[in-house]
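Colleague: mind folding the following:
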Amino acid sequence: MKQHVVFSVIVFFLWVWAGCVPMETETTEADRTAIVQVIQEESRAFYAKDHARWSRTYVHSHEVHWVCVEPDVTLRAKGWEDLSQFVSAWMAENPEPWDYDKAEFNDRNVHVRVMGNMAFVSMESSNRQPDGTIRQTVGSRTLQKEGNSWKILSMTSYPNDSPRGSTANVYVHHGPASASE
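Modeller: Numbers count the residues shown, from 1 in each chain. Modelled structure (predicted):
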């Protein structure tokens, strides 16, 4: 009898544990397409300087995490309120829209992995900047499904170059001198 109870308890805990662990699901073409469209819409809205449209691509939560490494500065925001205020202020200071299509965005090596209502995307991107230079980046997005819509929860982006002093794992900024120099 004692062995039967112990076995039943173990089976019960395994059953509960299995239900709590997010299992990787097959990434359907519909999910992949929807996820990539959200990422592209976020960029299109950002370039259009349309804060309301851009906002619809994000989860509005304190869990939002956003990091964009630029050649001379790292931009970052923690939580939706911080990110929304930061981007809104930037758009107000830089109101001239950029032509997304002229920017020749090109995403390649896009890998999408769906795990329940979460998805992880890694990719390499390039686009033409307003000054005509080509910007190449490596980035990732974590998306969360809200109802039937995928929304961005986390974004990282960093240059795909190697400035003087950089290594494969260390990106050395050569922007304006810091106060400590």
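Colleague: for the closest residue in space to H60 that isn't next to it in sequence, grab phi and psi.
Modeller: Take H60 and drop its neighbours on the chain: the residue closest to it by CB to CB, 6 or more residues apart in numbering is W80, 4.5 Å away. All C-beta spots, glycine's among them, are computed from the backbone N, C-alpha and C. Taking degrees, to the nearest 10, you get phi -60, psi -40 for the backbone angles of W80.
Colleague: now do the contacts for W80.
Modeller: Contacts for W80 (CB atoms under 8 Å, 6 or more residues apart in numbering) come out as 58-62, 64.
Colleague: most widely separated two among those?
Modeller: Y58 and H62 (12.4 Å; CB to CB).
Colleague: who has more neighbours, these two?
Modeller: Neighbours were counted for Y58 and for H62 using other CB atoms under 10 Å; Y58 has more, 22 against 11.
Colleague: quick check, the more buried one in contact with L83.
Modeller: Yes. Taking CB atoms under 8 Å as the definition, Y58 is a contact partner of L83 at 7.2 Å.
Colleague: list the residues that contact both of these two?
Modeller: V64.
Colleague: what mean pLDDT does the helix or strand hosting A119 have?
Modeller: A119 is part of strand 118-128 when elements are defined by DSSP states H and E. Per-residue pLDDT over strand 118-128 has a mean of 95.
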